[in-house]
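S.K.: Sequence and predicted structure, then a few things I'm wondering about:
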Amino acid sequence: MEENKKQVEFSRLYLNLISKNNHQEVDAVKNPFQYLPLYLSNYPTIIEVNDFNKSLKYQRDLSAASDYAFECFQLEFNLLENDKSEYLNRNIDFLFKYYKQSINNNVFITNTIIQLFSKFCQPPHAKYLNSTNRKKLLKWFIVKEPITSFVFKVPREDKWFEQKIKHTLIIGFGKNFISKETSFSAIKALFQGKYLENKIDWIDNKSSLCYFIKSLVASNLIVNPKNKHWEITSEFFLLKGELIKQDELVNQKTTTDIRKRQNINRFFDDLKHYS
């Protein structure tokens with residue numbers, strides 16, 4: 001039963017994802033929901049749990065274990081900077097395995113797993129569901145389709161693109177638009193049709209951000225976002241470290257600062273002439 005004890009350290013799944021190699025920690029469970037096989041093996045059928053007090057205790061213990069496991073899941077999910085989708089979906093795959101084993105066998109576990117699935121269908125987890133698990137969970141729940149970013153018609157080579165962003169939008173020409181703390185991977189993802197993992201911190205004002213987005217849409221560099229550009233912007237950007245709502249952007253006037261406009265125009269001109 002070594003695998004089934006209460007989680008008291010980061011799981012092997014989490015450790016493997018952050019290190020990209022196999023950890024075999026003695027005290028590490030495989031994943032936060034590894035307690036389920038223990039409950040399934042100890043009480044293989046609901047017929048064996050036919051006493052009220054015994055049944056109630058079993059249900060309470062299972063609920064407490066599930067609440068604790070989800071807490072551990074949340075901790076690891078929040079700490080992951082990358083691989084959130086892989087972490088989430090591997091946990092869901094594990095739960096589906098025991099969901100199938102529990103059907104017509106242990107209603108307590110069946111319903112507990114369905115309750116866990118309902119939590120995965122809520123923000124912020126839902127946008128990290130892969131297509132297979134999204135389809136499975138639609139059997140029970142309404143899963144909101146996550147917002148995806150813009151898509152370049154022609155991808156740019158990473159090294160060239162990173163330098164262009166750095167010298168034009170981060171430290172270029174005496175005007176900083178994007179925080180130095182924003183990773184290149186977060187900026188690159190803005191143009192790859194991806195779900196949000198890390199936001200871009202726009203440290204200039206709202207009017208220059210609106211000019212940037214309007215210039216992007218007008219540039220013909222991206223696939224037509226079909227009037228979802230402000231929705232995408234509010235999802236993928238922070239404004240000076242703060243969340244920004246879509247309705248704040250819709251009627252916002254663009255910057256009249258000539259230098260800011262020139263810097264942003266230079267960025268898109270360089271993208272157009274990339275070869």
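M.R.: Now that the structure is in, tell me what you want to look at.
S.K.: Which of the three states applies to Tyr39?
M.R.: State at Tyr39, reduced to three classes by DSSP: H, G, I helix; E, B strand; the rest coil: helix.
S.K.: Spell out, range by range, the helices that occur in the stretch 1-150 of the chain.
M.R.: For the stretch 1-150 of the chain, the helices defined by DSSP state H, counting those that start in this stretch cover 12-19, 36-42, 52-79, 84-102, 107-120, 131-137.
S.K.: try the stretch 151-275 of the chain
M.R.: Going by DSSP H, counting those that start in this stretch, the stretch 151-275 of the chain shows helices at 158-165, 184-189, 206-218, 229-236, 247-250, 258-272.
S.K.: Minimum distance to Phe52: which of these has it?
M.R.: Minimum separation from Phe52 across the helices of the stretch 151-275 of the chain (CB to CB) falls at helix 229-236, 49.3 Å. Backbone N, C-alpha and C define where each C-beta goes, glycine included.
S.K.: Which other helices and strands does that closest one contact?
M.R.: helix 206-218, helix 247-250 (3 or more CB pairs under 8 Å, 6 or more residues apart in numbering; DSSP states H and E).
S.K.: how about the helices of the stretch 1-150 of the chain in JSON lines, adding mean neighbour count, mean pLDDT and distance to Ile244?
M.R.: Below are the helices of the stretch 1-150 of the chain laid out as JSON lines (neighbours: other CB atoms under 10 Å; pLDDT from 0 to 100; distance: least, CB to CB, whole Å):
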{"stretch": "helix 12-19", "mean neighbour count": "18", "mean pLDDT": "90", "distance to Ile244": "30"}
{"stretch": "helix 36-42", "mean neighbour count": "17", "mean pLDDT": "80", "distance to Ile244": "41"}
{"stretch": "helix 52-79", "mean neighbour count": "15", "mean pLDDT": "91", "distance to Ile244": "22"}
{"stretch": "helix 84-102", "mean neighbour count": "18", "mean pLDDT": "94", "distance to Ile244": "22"}
{"stretch": "helix 107-120", "mean neighbour count": "18", "mean pLDDT": "92", "distance to Ile244": "27"}
{"stretch": "helix 131-137", "mean neighbour count": "16", "mean pLDDT": "89", "distance to Ile244": "27"}
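S.K.: And these: which comes nearest Leu238?
M.R.: For the helices of the stretch 1-150 of the chain, the distance to Leu238 is smallest for helix 52-79, at 17.2 Å, taking CB to CB.
S.K.: got the buried residues for stretch 181-197?
M.R.: Buried residues in stretch 181-197, defined by neighbour count with 16 or more other CB atoms under 10 Å: 182, 186-191, 194-197.
S.K.: biggest separation within those, which pair?
M.R.: Largest separation among the buried residues of stretch 181-197 by CB to CB: Thr182 and Tyr195, giving 17.2 Å.
S.K.: right, so the helices and strands packed on helix 229-236: which one is the most enclosed?
M.R.: Mean neighbour count (mean count of other CB atoms under 10 Å) peaks for helix 206-218 among the helices and strands packed on helix 229-236, with a mean of 19.
S.K.: quick one, it and helix 229-236 angle?
M.R.: Counting by axes from the mean of the first three to the mean of the last three CA atoms, to 10 degrees, helix 206-218 lies at 120 degrees to helix 229-236.
S.K.: Near Trp140, how many other residues are there?
M.R.: 11 (other CB atoms under 10 Å).
S.K.: Could you do the one 10 residues further on as well?
M.R.: Residues lying near Phe150 (other CB under 10 Å) number 23.
S.K.: Would you agree it is in contact with Lys188?
M.R.: No - if you go by CB atoms under 8 Å, Phe150 and Lys188 don't touch, sitting 11.3 Å apart.
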